[in-house]
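Colleague: requesting a structural model of the entry that follows:
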Amino acid sequence: MTAVLRLENIHKSFGDRDVLRGIDLEVREHEVVALIGASGSGKSTLLRTINLLERIDDGQVWLRDEDISNPRVKVDAVRARIGVVFQQFNLFPHLTALENITLASRTVFKKSAADATARGLELLDRIGLADHAASYPDRLSGGQQQRVAIARAIATNPELLLLDEITSALDPELVGEVLDLVRELKAEGTTIVMATHEMAFARDVADSVVFLDAGVIAEQGPPSEFFTAPKTARAQAFLSRFMA
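Modeller: Numbering: from 1, shown residues only. Purely as a prediction, here's the structure:
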């Protein structure tokens, strides 16, 4: 399958702290890659470099055949090709659920109001929130807000979807409804890179698991191998805490 994303020797530091130390990764079309690792291992920073929210210090980031780490690249054009959902919902509080979902379609992609609205209503129905189109974020539960955030991220059919610990801010009883939506996206062939602490979900849904440790990929492989027979001592110690 075609590589949607290629990371080559990615380095990123903040001051004298090396956060990413030579990351090489390829994500193919329709693949779900789960980034796991302890807090501070570099997962969120890696996602932010892919979406150009953080500029890398060395290496290259390729989105299909374009080097998007090139300083001359048009950042907004790149971000229009990538959907992102963060830990916090980041919905615009002054916009309704429907308006949040349709904002990029109308303002970035210049879709007509009718087309954007039709797509937004379709997505709201799909995520079980058709009755909340006119609701503002403060009238939605955390799980509902996160589902709206995911719908907003996929409304423009991005080539790549980045999910950064999207359940970490949710109450435990709301986690399932958000992860079920990600399962649906996988079933539809969405290309996804997700940082997660949901080990059981990564085991069941990911095509590849990438274990980050202190800014390097310490281990990588299919979930069936990684979760049953991790090769490195660091991965073994990590899984003993999370899978106990």
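
Colleague: give me the below-cutoff pLDDT ranges for the protein.
Modeller: For the chain, applying pLDDT under 70 flags the ranges 243-244.

Colleague: for it, what's the longest helix?
Modeller: Under DSSP state H, the helix in the chain containing the largest number of residues is helix 172-187.

Colleague: pull out the buried residues from that helix.
Modeller: Neighbour-count burial for helix 172-187 flags L174, V175, E177, V178, L179, L181, V182, L185, K186 (criterion: 16 or more other CB atoms under 10 Å). Using the backbone N, CA and C atoms, a C-beta is placed for each residue, glycine as well.

Colleague: quick one: L5 is in a strand?
Modeller: Yes: counting by DSSP: H, G, I helix; E, B strand; the rest coil, L5 is part of a strand.

Colleague: contact partners for it?
Modeller: The contact partners of L5, by CB atoms under 8 Å, 6 or more residues apart in numbering, come to L25, E26, V27, I50, V61, W62, L63, L160, T191, V193.

Colleague: just the residues contacting the helix or strand containing the fifth one, thanks.
Modeller: Element membership of V61 [criterion: DSSP states H and E] is strand 58-63. Contact partners of strand 58-63, identified using CB under 8 Å, 6+ apart, comprise 3-11, 22-23, 49-50, 67-69, 78, 81-82, 159-160.

Colleague: wait, doesn't L121 sit right on E99?
Modeller: No: using CB atoms under 8 Å, L121 and E99 do not qualify as a contacting pair, with a distance of 11.8 Å.

Colleague: G22 touches N9, doesn't it?
Modeller: Yes: G22 is within contact range of N9, at 5.3 Å (criterion: CB under 8 Å).

Colleague: what about E122, which SS state?
Modeller: helix.

Colleague: and it, how far from I154?
Modeller: Note on E122: its distance to I154, by CB to CB, to the nearest Å, is 11 Å.

Colleague: and E219, that's in a strand?
Modeller: Yes: per three-state DSSP, E219 lies within a strand segment.
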